[in-house]
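Novice: Model the following, please.
(one chain, ligands or ions: 1)
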Amino acid sequence: MFTLPDRSTDPRLLRESILHTVQHVTAGEHNLVANLANAASIMYHALAEVNWCGFYLFDGTELVLGPFHGRPACIRIALGRGVCGTAAQERRTLVVPDVEAFPGHIACDAASRSEIVVPMIRAGVLVGVLDVDSPVVDRFSADDVTLLEQIVAVLMSR
Ligand code: SME
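Specialist: A predicted model of the protein is given here:
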């Protein structure tokens, strides 16, 4: 059994704890889907004010829904479409403080108000994206960007 980080911990310690938990739970495991599934669970349960957290995997043509926690989501996203497809195409993290102000945003859960998408790249090859949604406007800070990029780096190292 794995222990989940306690959400009520001081924010800096909580971020460290989430990263360490992902490192611990994925250590020695090479199966991508298993690691993404556990990482989605850890982030969903440990991060405050998050209503969707998961991954889209690049199949060579488009992004296809992967392991996630939250309400059922759209299955396929073309490169360049929505926040996920844009982050994947541009290969950079996108923070959207207000999804209603992002042209082309794809609404999967009507509750989502802000969003962050981090591309997953291994050895120069696009693997997919990490997508985290919040029901709160402007939920994601620079510290959250750092944390989620560190989590993606751990996952890509397995
Ligand atoms: N909002 C995303 C689509 C995925 S869902 O949020 C889970 C986008 O615009 O790409």
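
Novice: Which pLDDT value does the model give the nearest residue to Ala78 once chain neighbours are set aside?
Specialist: The shortest distance from Ala78 to any non-neighbouring residue, by C-beta to C-beta, 6 or more residues apart in numbering, is to Glu62 (5.0 Å). C-beta coordinates here come from the backbone N, C-alpha and C atoms, glycine included. We have a pLDDT of 98 for Glu62.

Novice: Got the phi and psi for Glu62?
Specialist: When read as degrees, to the nearest 10, the backbone of Glu62 gives phi -150, psi 180.

Novice: check contacts around it.
Specialist: By C-beta atoms under 8 Å, 6 or more residues apart in numbering, Glu62 lies in contact with Arg76, Ile77, Ala78, Leu79, Gly85.

Novice: where along this structure do the helices fall?
Specialist: Ranges of helices within the chain are 11-26, 32-46, 82-90, 142-157, based on DSSP state H.

Novice: Quick one, which of those gets closest to the ligand.
Specialist: The ligand lies closest, by C-beta to the nearest ligand atom, to one member of the helices of the chain: helix 82-90, at 2.7 Å.

Novice: counting contacts, what elements does the closest one pack onto?
Specialist: Counting contacts by 3 or more C-beta pairs under 8 Å, 6 or more residues apart in numbering; DSSP states H and E, helix 82-90 packs against strand 52-58, strand 62-70, strand 76-78, strand 94-96, strand 114-122, strand 125-134.

Novice: could you give the mean pLDDT of stretch 131-142?
Specialist: In the prediction, stretch 131-142 has an average pLDDT of 98.

Novice: same thing with stretch 102-112?
Specialist: Here stretch 102-112 scores 91 as its mean pLDDT.

Novice: Need the winner for burial among the helices of the chain.
Specialist: Among these, helix 82-90 has the highest mean neighbour count (mean count of other C-beta atoms under 10 Å), at a mean of 22.

Novice: Much appreciated, bye for now.
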